[in-house]
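Novice: Quick one: sequence plus predicted model below, questions after.
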Amino acid sequence: MYEWRSRRFAMHPNSNSGNFAVTDPTEPFVSIITVSLNAAATIEDTIASVSMQQTGFAVEHICVDGGSTDATRALIDRWAARSGGLVRVYEPDSGIYDAMNKGLRAARGEYVLFLNADDFLVAPDTLATALANLSPGASGNPDLIVGNVSMGELGLRGVWRRRRVPRLLGRLRGWGLYPLHQGQMTKRRLLNAIGGFNARLRYSSDVIQYYDLERRFRPSMRFVGTDIAFMRAGGMANSGWKARYRVTAEFYEHLASTYSPLRAAVMVGVKTLQSLMEVRWGRCPHERWFAA
């Protein structure tokens with residue numbers, strides 16, 4: 001059972017696209033984008049963790065669904081009827097990164113966070129803590145706000161990953177260090193400036209997007225120091241050694257065309273080392289706090 005907490009936003013259908021938009025004149029400080037396809041088993045956790053955030057600023061949650069045939073859209077619709085900050089984008093896409101670009105085009109927040117349909121924010125004050133002492137539109141706001149992410153299976157002992165932000169991130173640039181996408185809030189104007197995600201890539205466009213931001217803008221950063229999101233283990237890029245090989249090959253090929261082959265190999269090595277250092281044994285330290 002979930003506790004419903006609705007925000008006071010009016011919503012109206014956009015007759016041109018079948019989407020829904022927020023009509024409240026107050027611009028959201030943060031836009032959270034969730035893309036889904038047949039995610040009925042987990043997406044309600046994602047939506048609940050966003051809807052129940054305790055903040056002093058406006059938050060919008062954009063759910064992009066490319067054509068689910070299970071109960072995913074029914075669950076999204078049910079939450080949209082009770083939580084006015086939820087924006088629905090229902091239209092076909094050509095893959096996860098194309099869907100993320102659709103969400104980015106719909107976003108209005110100063111900051112954007114991409115939260116997958118099997119992830120959730122780890123506490124009711126996650127957003128308030130990450131953006132503490134920042135004001136919408138203030139000139140001193142950092143370009144990126146980065147925090148940690150935990151990845152594993154809820155309630156089970158075993159191998160899990162503490163996906164920390166590297167301490168040298170932002171200082172050692174262009175060598176393969178990166179923040180986890182689910183723990184990275186980025187100014188929307190920067191994401192738009194680099195064209196969002198490369199939708200031609202299948203596995204690695206989120207990490208490559210950070211490298212492009214790092215290379216082109218040298219963005220200023222705030223380090224949160226705590227977990228922002230929990231990721232359930234699995235996903236297309238983590239589904240076995242063959243998938244990891246395909247991710248690495250795509251990653252290297254793109255970097256080799258941007259840098260030199262040697263530099264690309266070093267970046268792949270650093271990225272791989274960062275991933276290996278995340279591995280832990282025990283019980284993953286999060287739970288479904290939003291469920292009674």
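Specialist: Now that the structure is in, tell me what you want to look at.
Novice: What residues of the helix or strand containing Y245 count as buried?
Specialist: Using DSSP states H and E, Y245 maps to helix 241-258. By 16 or more other CB atoms under 10 Å, the buried positions in helix 241-258 come out as R246, V247, T248, E250, F251, Y252, H254, L255, A256. C-beta: built from backbone N, CA, C; applies to glycine.
Novice: Same question for stretch 68-79.
Specialist: For stretch 68-79, the neighbour count (16+ other CB under 10 Å) marks S68, A71, T72, R73, L75, I76, W79 as buried.
Novice: Which members of those are positioned in helices?
Specialist: T72, R73, L75, I76, W79 (DSSP state H).
Novice: The third one reaches I47, doesn't it?
Specialist: The reference is to L75. Yes. Checked against CB atoms under 8 Å, the pair L75 and I47 is within contact range at 7.4 Å.
Novice: Common neighbours of those two, please.
Specialist: The contact sets of L75 and I47 do not overlap (CB atoms under 8 Å, 6 or more residues apart in numbering).
Novice: what's the longest strand in this structure?
Specialist: strand 221-232 (DSSP state E).
Novice: where along the protein do the strands fall?
Specialist: Secondary structure of the chain (DSSP E): strands at 11-14, 19-22, 30-36, 59-65, 86-90, 111-114, 119-121, 144-152, 157-163, 184-187, 221-232, 279-283.
Novice: partner strands of the fourth one, parallel or antiparallel?
Specialist: Sheet partners assigned to strand 59-65 using DSSP bridges are listed as strand 30-36 (parallel), strand 86-90 (parallel).
Novice: roughly how far is the first one from the heart of the chain?
Specialist: Same thing as strand 30-36. In terms of CA atoms, centre = their mean, to the nearest Å, the centre of strand 30-36 is found 7 Å from the chain centre.
Novice: so what's the residue nearest to the spatial centre of the chain up against?
Specialist: For the chain, F114 is the residue whose C-alpha lies nearest the centre (CA atoms, centre = their mean; 2.2 Å). Contacts were defined as CB under 8 Å, 6+ apart; by that measure F114 touches I32, I33, T34, V35, M100, G103, H181, Q182, Q184, D206.
Novice: what about 10 Å?
Specialist: Residues counted as contacts of F114 (CB atoms under 10 Å, 6 or more residues apart in numbering) are 31-35, 62, 96, 100, 103-104, 181-182, 184-186, 191, 197, 206, 209, 229.
Novice: can you list the weak-confidence ranges in the stretch 101-250 of the chain?
Specialist: Applying pLDDT under 70 to the stretch 101-250 of the chain flags the ranges 234-240.
Novice: And A138, how far from A229?
Specialist: 25 Å (CB to CB, to the nearest Å).
Novice: More neighbours: these two, which one.
Specialist: Each of A138 and A229 has its neighbours counted (other CB atoms under 10 Å); A229 has more, 27 against 9.
Novice: What sits closest to that one if chain neighbours are left out?
Specialist: Closest residue in space to A229, ignoring its immediate chain neighbours: Q182 at 4.0 Å, by CB to CB, 6 or more residues apart in numbering.
Novice: okay if I get the buried residues of stretch 68-79 as TSV plus pLDDT?
Specialist: Formatted as TSV, those follow (pLDDT from 0 to 100):
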residue	pLDDT
S68	96
A71	97
T72	97
R73	97
L75	97
I76	97
W79	95
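Novice: ok and the longest strand of the chain relative to strand 157-163, angle-wise?
Specialist: 160 degrees (axes from the mean of the first three to the mean of the last three CA atoms, to 10 degrees).
Novice: which other helices and strands contact strand 221-232?
Specialist: If you count contacts as 3 or more CB pairs under 10 Å, 6 or more residues apart in numbering; DSSP states H and E, strand 221-232 packs onto helix 43-51, strand 111-114, strand 119-121, helix 126-130, strand 144-152, strand 157-163, strand 184-187.
Novice: Sounds good, over and out.
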